[in-house]
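Colleague: this one's sequence-less:
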């Protein structure tokens, strides 16, 4: 009897030992660890990303991430599709309150693996915040900075900043250039650092000092910037009678050396500012509207080739009610990033007026963009990326080349009258007129009163048919969700973004928002 009890006891003990791993949860823990891109709380607030590392060869789906501390959630994010083996960045949504600060946090990741929803927790620690200001040069090539370095400064998370001083030092610690920002700013500010001649290629450190409005304590932040050989030698400051403002923006690096060379800044005057980012874990154009109360958008005709396949499509990123303080459009097609990629964006950034307003009043002129990229991320430590973009906005001067803009905008059928047409005279071309009427049978056309012919390309979805018109006037129908690109026989070009709805039974839900820019070379 005693023996039988002993055998039963031993058998139960063996079962218990066998069950222990499952009970302990080792098999149910998600094989994913998470980290933040920096230990600086300000940097995390500015680049809210969780870096996920899948250690398993099995893909994880339905991925969700949250950043927590003492039972409070500070941010969260999710990832569509499959999290493959390796590292992937997931964007976190971080509210401005409560703000991140020094302390220990937990990154909790959940997802489906092996048919079961599982989770894992990683501990991360943040240090004290640095000055909530970041800077991006318009170009990281030395000849694009002849005579001075133009920096786009921006505040982080909507903080108001004052008494900023920018100092550029070379790798020996010697001051190369310095300048002060004389006004407080929330959003963006432009500062030009005067440089005698041309910068020498190499690594530099930009120190920014200043105060958060309402604080008597100065803060600082050091930011690496590396300038490489090359560039056009153009000045970032337009001539006094220029007919347009054109910004050439370049990100360029190779040999895996992206630190300090992964970002370049630009401004859409009157609308906002942005950055182009290219590094192994992120490739995008990110835009920060000046006023959170106004709707703004970036519509792009995109072409992507990742070696073996390609895609062309119309894409629109928008800032409106509930979309967050900024928006971005990624260059990558997949996550993790494809090993090789080339591509192009042709787009237009527009102001659409007060969110939910009648529309069409006091609109800032649109800014067009032409952007290309090529990268090789196939070998860790040997990656390379080159992104080059030109941003063009009209200016008050009359010297060629010049840009001229025309816009119409209304929301609600009752607001269409008086806002449904606009025209502008373009020297050397003619009168450019937009008409976008309410009603299902309304006239929605673009007309250019010119004798010369043109080729009209209409871009909708993934289609871009081109139709020649041998002589003027040139007339194009406005797509309800698309772009019109025109190349005139005389060399002028025009780009138009067009969004309208006219068939909603509730007339207050109908709208028309169209913006165009002509460039006379």
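Modeller: Received it, and whenever you're ready, just let me know what you need. Everything quoted here is computed from the prediction, not taken from an experiment. Numbering: from 1, shown residues only.

Colleague: so who does residue 164 touch?
Modeller: 133, 153, 180, 181, 189, 191, 208, 209, 210 (C-beta atoms under 8 Å, 6 or more residues apart in numbering). In this view, the C-beta of every residue, glycine as well, is placed from N, C-alpha and C.

Colleague: In stretch 403-419, which residues are buried?
Modeller: 403-413, 415-416, 419 (16 or more other C-beta atoms under 10 Å).

Colleague: residue ranges of the helices in this protein, please?
Modeller: Under the criterion DSSP state H, the chain contains helices at 2-24, 41-46.

Colleague: mean pLDDT for these: which is lowest?
Modeller: With a mean of 39, helix 2-24 has the lowest mean pLDDT of the helices of the chain.

Colleague: Quick one: end-to-end length of stretch 128-142, please.
Modeller: By C-alpha to C-alpha, to the nearest Å, the extent of stretch 128-142 from end to end equals 34 Å.

Colleague: roughly how far apart are residue 202 and residue 89?
Modeller: Computed as C-beta to C-beta, to the nearest Å, the residue 202 to residue 89 distance reads 29 Å.

Colleague: what about those two, which has more around it?
Modeller: residue 89 (20 against 13; other C-beta atoms under 10 Å).

Colleague: Can you verify my assumption that the more buried one contacts residue 50?
Modeller: Yes - in this structure residue 89 lies within contact range of residue 50 using C-beta atoms under 8 Å: 7.2 Å.

Colleague: since we're on residue 333, how many residues are nearby?
Modeller: Residue 333 has 16 nearby residues by other C-beta under 10 Å.

Colleague: contacting residues around the nearest residue to residue 507 once chain neighbours are set aside?
Modeller: Using C-beta to C-beta, 6 or more residues apart in numbering and skipping residues adjacent in sequence, the residue nearest residue 507 is residue 413, 3.7 Å away. Going by C-beta under 8 Å, 6+ apart, residue 413 touches 438, 439, 507, 508, 510.

Colleague: Residue 290 is in contact with residue 270, correct?
Modeller: Yes - in this structure residue 270 lies within contact range of residue 290 using C-beta under 8 Å: 7.3 Å.

Colleague: Which residue of those two possesses the greater neighbour count?
Modeller: Shown here are residue 270 and residue 290; by other C-beta under 10 Å, residue 290 has more neighbours (19 against 15).

Colleague: Would you mind giving both backbone torsions of the residue nearest to residue 472 when sequence neighbours are not counted?
Modeller: Once flanking residues are discounted, residue 472 sits nearest to residue 450: 4.2 Å by C-beta to C-beta, 6+ apart. Backbone torsions of residue 450, given as degrees, to the nearest 10, read phi -140, psi 160.

Colleague: what's the burial count for residue 450?
Modeller: With other C-beta under 10 Å as criterion, residue 450 counts 21.

Colleague: most centrally placed residue in the protein?
Modeller: Centrality entry for the chain: nearest residue to the mean C-alpha point is residue 286, 1.4 Å, by C-alpha atoms, centre = their mean.

Colleague: how about that one, what does it touch?
Modeller: Residue 286 sits next to 274, 275, 276, 277, 326, 327, 328 when contact means C-beta under 8 Å, 6+ apart.

Colleague: What of residue 61?
Modeller: Residue 61 touches 81, 82, 83, 111, 112, 113, counting by C-beta under 8 Å, 6+ apart.

Colleague: which one of these sits closest to residue 57?
Modeller: residue 113 (11.0 Å; C-beta to C-beta).

Colleague: Compute the first-to-last residue distance for stretch 155-164.
Modeller: Start-to-end span of stretch 155-164 (C-alpha to C-alpha) is 11 Å.

Colleague: Quick check: residue 372 vs residue 54, distance?
Modeller: From residue 372 to residue 54 the distance is 32 Å (C-beta to C-beta).

Colleague: Show me which of these two is the more surrounded one.
Modeller: A count of neighbours by other C-beta under 10 Å puts residue 54 above the other of residue 372 and residue 54, at 24 against 15.

Colleague: Surely the more buried one is in contact with residue 90?
Modeller: No - using C-beta under 8 Å, residue 54 is not in contact with residue 90; the gap is 11.6 Å.

Colleague: what is in contact with these two at once?
Modeller: By C-beta under 8 Å, 6+ apart, no residue touches both residue 54 and residue 90.

Colleague: Who does residue 64 form a beta bridge with?
Modeller: residue 78, residue 110 (DSSP bridges).

Colleague: again with residue 494
Modeller: residue 486, residue 518.

Colleague: Can you tell me, leaving aside adjacent residues, what's nearest to residue 51?
Modeller: residue 35 (4.8 Å).

Colleague: How about residue 229?
Modeller: residue 201 is the one closest to residue 229 (C-beta to C-beta, 6+ apart), at 4.9 Å.

Colleague: Return the distance of that neighbour relative to residue 340.
Modeller: Distance from residue 201 to residue 340, by C-beta to C-beta: 26 Å.

Colleague: Cheers, nothing more for now.
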